[in-house]
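A.B. asks: pasting a predicted model and its sequence here:
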2 protein chains.
Amino acid sequence: MDMQNPLLNRLFDAGILIDTGVDGLYGRSGAFEDVIARFEALIDTFGGADNAEPIRFPPGMNRVHFEGSGYMKSFPQLAGTVHSFCGCDKDHMNLLKCMAEGEDWTKGQEATDIVLTPAACYPLYPTIAKRGPLPGGGGLYDLQSYCFRHEPSKDPARMQMFRMREYVRMGTPAEVRDFRESWMERGRKLIETVQLPVEIDVANDPFFGRAGKMLANNQRDQNLKFELLIPVTSTAKPTACLSFNYHQDHFGSTWGLKTADGQVAHTACVGFGLERIALALFAHHGLDTAEWPEQVRKALWG
Amino acid sequence: MDMQNPLLNRLFDAGILIDTGVDGLYGRSGAFEDVIARFEALIDTFGGADNAEPIRFPPGMNRVHFEGSGYMKSFPQLAGTVHSFCGCDKDHMNLLKCMAEGEDWTKGQEATDIVLTPAACYPLYPTIAKRGPLPGGGGLYDLQSYCFRHEPSKDPARMQMFRMREYVRMGTPAEVRDFRESWMERGRKLIETVQLPVEIDVANDPFFGRAGKMLANNQRDQNLKFELLIPVTSTAKPTACLSFNYHQDHFGSTWGLKTADGQVAHTACVGFGLERIALALFAHHGLDTAEWPEQVRKALWG
């Protein structure tokens, strides 16, 4: 880790990430995108044989579903609601006057039906619930989308807009726990394939406020969340690049998800932070992908 | 065109698009995504030899750049600003009370530094301007991102969140006009390769309000915008699937873009509405890609 010149600056200087003037909001070079595409193909080789149903949601979701998810209870500080101008010609003239005078023109924006997707799986649960009970053996889904979290930071591994790939399993408690166990093993092998150092540890989500501390402790005590950590900008504080989450019946109860025999479905997911993994690869193997170790190049480019 | 059962319903029934409960906001099946990926590869075969610089921006942009672009003057009704909760524990309790009582909880959301990207090229102009004058011969950039336009509609070709691929040319007036001319020809050939009916016509953007009518007329009179139209949901009103735009010195003046010899740069772009093109393919060739005409399959899957 070169602490004299932080990773973000080195990525800017090399043109791999592009400064937009907002912390955590970056353009990506072709080289960066290629690494993400090749790593996603590597995920496919580890997970493809399971025949998950691929679904791709856009980077926003139905606000009603977002409200129903309980996200604003746990992580209100991270959510992004989408607002629009809904006025007439006269309102428009006032708006432009406000902008010309350098005043806050956003007060008049009204909330639309759309909220930015906070995690790739959030739009999935109501979608699957609408289909009726799960088939026998449960369901398995393959997701990827841009997600938004309002946490501006100079840490390139903490972007406000980033992509998350996920496999989501729904079924009996035993089915979803087996899924999570197997992905904790697979995830470790996958990351070792690209020669990055791996550590898996119990974790918690960043629940908001005083009451959030208790929720975080509960989540840890019950081993509901594990993270696969890789040093990206710090060896002392490695970055969570994969997470393995057992939601118990939280989403099943919330959305009325049922197993084939009518029980409340349990759910689990494995999430890949694609930008974080790409950053880990650049941080460890260097900024020029042509110079990466032969085995890593072979794993990614075949 | 089967007007008894509109295209959107047929796509929902076939699971190609997934209803989220919000008009214009849909999930996509693996088959739909594969068509988009293959069509993008076809674009590469037509445009790849030009060696455009690939840049991928996330689906949001710096609000300061958005404000500077003049978008709120022309299309305030379409923009989406991103807002977040910025309060303390007590504000959070009030927010949850508001949600529990079914009241509008979004009034307290505050605008962040991010606005959803309205067209793939909007974040590009300030990015390139920051680099200094263009190289001799100008610049050429290859973009793709999710875009947002607040125009809820049952027309599947008018989504609120959709992907736009773009090539953007910057340089002298002659350079950028040549670029646009050549892409009008290429675009026609590209679409004929996948056996869709093509018509190119002069067009205008949906400028807002009374003053907007004049802007639209000017744009038409000066032949600044052409669209490649394909029937998707209606033969009488075909859908704009590609657009060919000459911005004159609009973005060059706005952002201080200069040619190598210090003139204000002119810009032009060709934009591909990727969802619209995929919809046109499904509408014309059927909902099962395995049954598409052999030449179309060959062009896309090789």
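C.D. replies: Now that the structure is in, tell me what you want to look at.
A.B. asks: CA atoms for contacts and neighbours, from now on please.
C.D. replies: Will do.
A.B. asks: would you confirm that residue A:73 contacts residue B:96?
C.D. replies: Yes - contact between residue A:73 and residue B:96 holds when scored by CA atoms under 8 Å: they sit 6.8 Å apart.
A.B. asks: what does stretch A:105-120 contact?
C.D. replies: Contacts of stretch A:105-120 with the rest of the structure, by CA atoms under 8 Å, 6 or more residues apart in numbering or on different chains, involve A:57, A:59-64, A:66, A:78-86, A:95, A:98-99, A:123, A:143-149, A:164-166, B:22, B:81, B:106-107, B:110-111.
A.B. asks: swap that for stretch A:276-284, sorry
C.D. replies: A:1, A:7, A:32, A:35-36, A:156-157, A:194, A:196, A:230-233, A:239-241, A:288-289.
A.B. asks: again, only this time at 6 Å
C.D. replies: For stretch A:276-284, the external contacting residues (CA atoms under 6 Å, 6 or more residues apart in numbering or on different chains) are A:157, A:232, A:241.
A.B. asks: for chain B, what's its nearest residue on the stretch 101-250 of chain A.
C.D. replies: With CA to the nearest CA, the shortest gap between the stretch 101-250 of chain A and chain B falls at residue A:209, namely 5.7 Å.
A.B. asks: closest point of the stretch 51-200 of chain A to chain B, which residue?
C.D. replies: When CA to the nearest CA is the measure, the stretch 51-200 of chain A has its nearest residue to chain B at residue A:57, with 4.4 Å between them.
A.B. asks: pull up the per-residue confidence for that residue.
C.D. replies: The pLDDT attached to residue A:57 in the predicted structure is 98.
A.B. asks: quick one: contacts for the closest residue in space to it that isn't next to it in sequence?
C.D. replies: Across the structure, with CA to CA, 6 or more residues apart in numbering or on different chains as the measure, the residue nearest residue A:57 apart from its sequence neighbours is residue B:27 (4.4 Å). Shown in contact with residue B:27 (CA under 6 Å, 6+ apart): A:56-57, B:17-18.
A.B. asks: output the below-cut-off pLDDT ranges for the stretch 201-302 of chain A.
C.D. replies: By pLDDT under 70, the stretch 201-302 of chain A contains no weakly predicted segment.
A.B. asks: residues of it that sit close to chain B?
C.D. replies: Along the stretch 201-302 of chain A, the residues adjacent to chain B under the rule CA under 6 Å from any CA of the partner chain are residue A:209.
A.B. asks: could you dump the contacts of stretch A:276-284 to JSON lines with neighbour count and secondary structure?
C.D. replies: Formatted as JSON lines, these follow (neighbours: other CA atoms under 10 Å in any protein chain shown; DSSP: H, G, I helix; E, B strand; the rest coil):
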{"residue": "A:157", "neighbour count": "23", "secondary structure": "coil"}
{"residue": "A:232", "neighbour count": "26", "secondary structure": "coil"}
{"residue": "A:241", "neighbour count": "26", "secondary structure": "strand"}
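A.B. asks: tell me where the stretch 51-200 of chain A has helices.
C.D. replies: If DSSP state H, counting those that start in this stretch is used as the criterion, the helices of the stretch 51-200 of chain A fall at A:63-68, A:71-74, A:89-100, A:124-129, A:173-193.
A.B. asks: is it possible to get CSV of these that adds distance to residue B:133, mean neighbour count and mean pLDDT?
C.D. replies: Compiled in CSV, the helices of the stretch 51-200 of chain A are given as follows (distance: least, CA to CA, whole Å; neighbours: other CA atoms under 10 Å in any protein chain shown; pLDDT from 0 to 100):
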stretch, distance to residue B:133, mean neighbour count, mean pLDDT
helix A:63-68, 44, 18, 98
helix A:71-74, 46, 18, 96
helix A:89-100, 28, 14, 96
helix A:124-129, 46, 19, 98
helix A:173-193, 42, 18, 98
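A.B. asks: now the ones you listed in CSV, with distance to chain B?
C.D. replies: Rendered in CSV, the data for those read as follows (distance: least, CA to the nearest CA, whole Å):
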stretch, distance to chain B
helix A:63-68, 8
helix A:71-74, 7
helix A:89-100, 6
helix A:124-129, 7
helix A:173-193, 22
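A.B. asks: what bridges to the nearest residue to residue A:133 once chain neighbours are set aside?
C.D. replies: By the measure of CA to CA, 6+ apart, the closest residue to residue A:133 outside its immediate chain neighbours is residue A:258, 4.8 Å from it. According to DSSP bridges, the partner residues bridging residue A:258 are residue A:264.
A.B. asks: output the helices of the stretch 51-200 of chain A in JSON lines; the columns should cover distance to residue B:214.
C.D. replies: Output for those, formatted as JSON lines (distance: least, CA to CA, whole Å):
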{"stretch": "helix A:63-68", "distance to residue B:214": "36"}
{"stretch": "helix A:71-74", "distance to residue B:214": "44"}
{"stretch": "helix A:89-100", "distance to residue B:214": "14"}
{"stretch": "helix A:124-129", "distance to residue B:214": "44"}
{"stretch": "helix A:173-193", "distance to residue B:214": "58"}
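A.B. asks: quick one: closest of these to residue A:217.
C.D. replies: Nearest to residue A:217 among these is helix A:71-74; the distance by CA to CA comes to 13.4 Å.
A.B. asks: dump that closest one to PDB, restricted to CA.
C.D. replies: In PDB, the C-alpha atoms belonging to helix A:71-74 read as follows (Å, rounded to 0.1, in the frame of the first residue of the first chain):
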ATOM      1  CA  TYR A  71     -35.000   0.400   4.600                       C
ATOM      2  CA  MET A  72     -35.800   3.900   6.100                       C
ATOM      3  CA  LYS A  73     -36.000   2.300   9.500                       C
ATOM      4  CA  SER A  74     -32.500   0.900   9.300                       C
END
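A.B. asks: which residues are in contact with that helix?
C.D. replies: Counting by CA under 6 Å, 6+ apart, A:207-208 sit against helix A:71-74.
A.B. asks: what's the answer for stretch A:35-46, then?
C.D. replies: For stretch A:35-46, contacts defined as CA under 6 Å, 6+ apart pick out residue A:300.
A.B. asks: tell me the buried residues in that stretch?
C.D. replies: Of the residues in stretch A:35-46, A:35-36, A:38-43 count as buried by neighbour count, 16 or more other CA atoms under 10 Å in any protein chain shown.
A.B. asks: take those and keep only those in helices.
C.D. replies: Using DSSP state H, A:35-36, A:38-43 are the members of these that sit in helices.
A.B. asks: how near is residue A:280 to chain B?
C.D. replies: Distance of residue A:280 to chain B, given as CA to the nearest CA, to the nearest Å: 19 Å.
A.B. asks: can I get whichever helix or strand that residue is part of as CSV, trimmed to CA atoms?
C.D. replies: With secondary structure defined by DSSP states H and E, residue A:280 is part of helix A:274-285. Backbone C-alpha positions of helix A:274-285 (Å, rounded to 0.1, in the frame of the first residue of the first chain) are rendered in CSV as follows:
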residue,chain,number,x,y,z
LEU,A,274,-17.8,-5.2,-8.2
GLU,A,275,-16.0,-1.8,-8.0
ARG,A,276,-14.3,-2.9,-4.7
ILE,A,277,-13.1,-6.1,-6.2
ALA,A,278,-11.7,-4.2,-9.3
LEU,A,279,-10.0,-1.7,-6.9
ALA,A,280,-8.5,-4.6,-4.9
LEU,A,281,-7.1,-6.1,-8.2
PHE,A,282,-5.6,-2.7,-9.3
ALA,A,283,-4.2,-2.1,-5.7
HIS,A,284,-2.5,-5.5,-5.5
HIS,A,285,-1.5,-6.2,-9.1
